[in-house]
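[1] Sequence below, structure please.
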Amino acid sequence: MKLQEYTTSAHNFEECMKCTVCTAYCPVLQVNPLYPGPKQAGPDGERLRLKDPYFFNYALKYCLNCKRCEVACPSGVKVADLIQSARIKYDTHPPKLRDQILASTDFMGTLARPFAPIVNAVTDLGVTKKVLDFSLDIDHRRTFPKYSGRSFESWLKRRSKEQAAFPEQVAYFHGCYVNYNYPQLGKDLVKVLNALGVGVQLLDKEKCCGIAMITNGMAREAAKHATHNVEVLGKAVSQGLKVVTTSSTCALTIRDEYPELLKVDNSAVRDSLLMATRFIYEKLEQGATLRFKSGYHKKIAYHTPCHLEKLGWGVFSERLLRMIPGVEFTLLPSSCCGISGTYGFKKENYEASQAIGQPLFDQIKTIHPDVVACDCETCKWQIEMSTGYPVLNPISILAEALE
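    Presented below is the predicted three-dimensional model:
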């Protein structure tokens, strides 16, 4: 697919009234003086870039794409989209080998899965981390996610007849994390939806949502993934199915980034893609019930991922967790954990990544929960590495609490 020419009209930068609220809410600007900030990098910079591409600033690479500037903006300016679109159009530097590796999640997952125990052991070694630090600028202090020896797709395929027997069906966009790293989350979703009388179907050969490619200078490859995924989702939607996902970033990317950054039309499927927590909550609101264990008790602190906050759907996870009997619930203050997908793995970003997340880490340690709940896989990696507390998706907590 050929990327459509970038246009600025969709990003409404002229609506910026220079209030600098986005600057106040930017987590990067607080810790990294090299970053010009969302107002200067976004609407202010766009006015200059339209006059002459010379004004493109390579410091835009420090943007997390956390979307907190867009959540804060009173005028609804798509500040982060302006920044990422400028990077797509004007950044002429080819992605480094490191960036290509970090962005190629399907390829790396397929490669690692048959050798998962060996890969996991080797990437845990200090010498491996030092080699990656020296050769690829992947920071040696970063903990790598573990790979699973079996994919979620193979697990669900073996249960396709069983799932087809349920009176209601949904399709599941599981994403790379569930398929290659943590199939248990997908199994937990199946358990919860089955308890509601809903069967789960696989999509027809979904691909990575493409967010890592977008942020690592591989927009054309991301657009190919987007086009493929829209077609795949379209097949499910044409059968009358809702599509659910357990990843806040996958949801945001497919719903918003495809049309805004990649110029891929998703209008036929956008409204049919929901976070699983929203789908479950709406089912319960319509009269469905879940039976929970008696005697279940857990102290839970809930962190709303930045991308879920942008979607406005964190409330569904919060309400589901609050309705579990025996849960002592704390809603953590709105903040960024700092990892932003592959961003925090890069040597040049590691210190800033940890500094951004430090207030969140301190808050979690003060509360001392049994578990932190979060709908984002990379937030999970960051919080577990930086605090030592276990992190579970709200879906897994629901599954654990079911009778």
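[2] and residue 394, what is it in contact with?
    277, 302, 317, 320-321, 373-375 (Cβ atoms under 8 Å, 6 or more residues apart in numbering). Any C-beta I mention is one placed from the backbone N, CA and C, and that applies to glycine too.
[3] Widest-spaced pair of those?
    Farthest apart among these by Cβ to Cβ are 320 and 374. That separation is 13.3 Å.
[4] sorry, back to before: among the contacts of residue 394, which are located in strands?
    Taking DSSP state E as the definition of strands, the contacts of residue 394 contribute 302, 373.
[5] Let's have the contacts of residue 394 in a markdown table, adding distance to residue 144 and neighbour count.
    Shown next, in a markdown table, are the contacts of residue 394 (distance: Cβ to Cβ, whole Å; neighbours: other Cβ atoms under 10 Å):
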| residue | distance to residue 144 | neighbour count |
| --- | --- | --- |
| 277 | 27 | 28 |
| 302 | 26 | 21 |
| 317 | 26 | 29 |
| 320 | 30 | 23 |
| 321 | 28 | 20 |
| 373 | 23 | 29 |
| 374 | 19 | 26 |
| 375 | 21 | 29 |
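[6] Please identify which of the contacts of residue 394 is nearest to residue 179.
    Looking across these and measuring by Cβ to Cβ, the closest to residue 179 is residue 375, at 17.0 Å.
[7] give the contact list for the closest one.
    246-248, 275, 277, 304-305, 308, 314, 317, 393-394.
[8] Against which helices or strands is the helix or strand containing residue 351 packed?
    Using DSSP states H and E, residue 351 sits within helix 350-367. Here helix 350-367 touches strand 298-302, helix 377-387, going by 3 or more Cβ pairs under 8 Å, 6 or more residues apart in numbering; DSSP states H and E.
[9] quick one: average pLDDT of that helix?
    Across helix 350-367, the average pLDDT comes to 98.
[10] Could you export that helix as PDB, CA atoms only?
    The C-alpha coordinates for helix 350-367 follow below in PDB (Å, rounded to 0.1, in the frame of the first residue of the first chain):
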ATOM      1  CA  TYR A 350      16.100   4.800  29.900                       C
ATOM      2  CA  GLU A 351      16.900   7.500  32.500                       C
ATOM      3  CA  ALA A 352      14.000   9.600  31.400                       C
ATOM      4  CA  SER A 353      11.700   6.600  31.300                       C
ATOM      5  CA  GLN A 354      12.500   5.700  34.900                       C
ATOM      6  CA  ALA A 355      12.300   9.300  36.100                       C
ATOM      7  CA  ILE A 356       8.800   9.800  34.500                       C
ATOM      8  CA  GLY A 357       7.500   6.700  36.200                       C
ATOM      9  CA  GLN A 358       9.100   7.400  39.600                       C
ATOM     10  CA  PRO A 359       6.100   9.200  41.200                       C
ATOM     11  CA  LEU A 360       3.900   6.200  40.200                       C
ATOM     12  CA  PHE A 361       6.400   3.700  41.600                       C
ATOM     13  CA  ASP A 362       6.500   5.600  44.900                       C
ATOM     14  CA  GLN A 363       2.800   5.700  45.100                       C
ATOM     15  CA  ILE A 364       2.500   2.000  44.600                       C
ATOM     16  CA  LYS A 365       5.100   1.300  47.200                       C
ATOM     17  CA  THR A 366       3.200   3.500  49.700                       C
ATOM     18  CA  ILE A 367       0.000   1.700  49.100                       C
END
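[11] Thanks a lot, see you next time.
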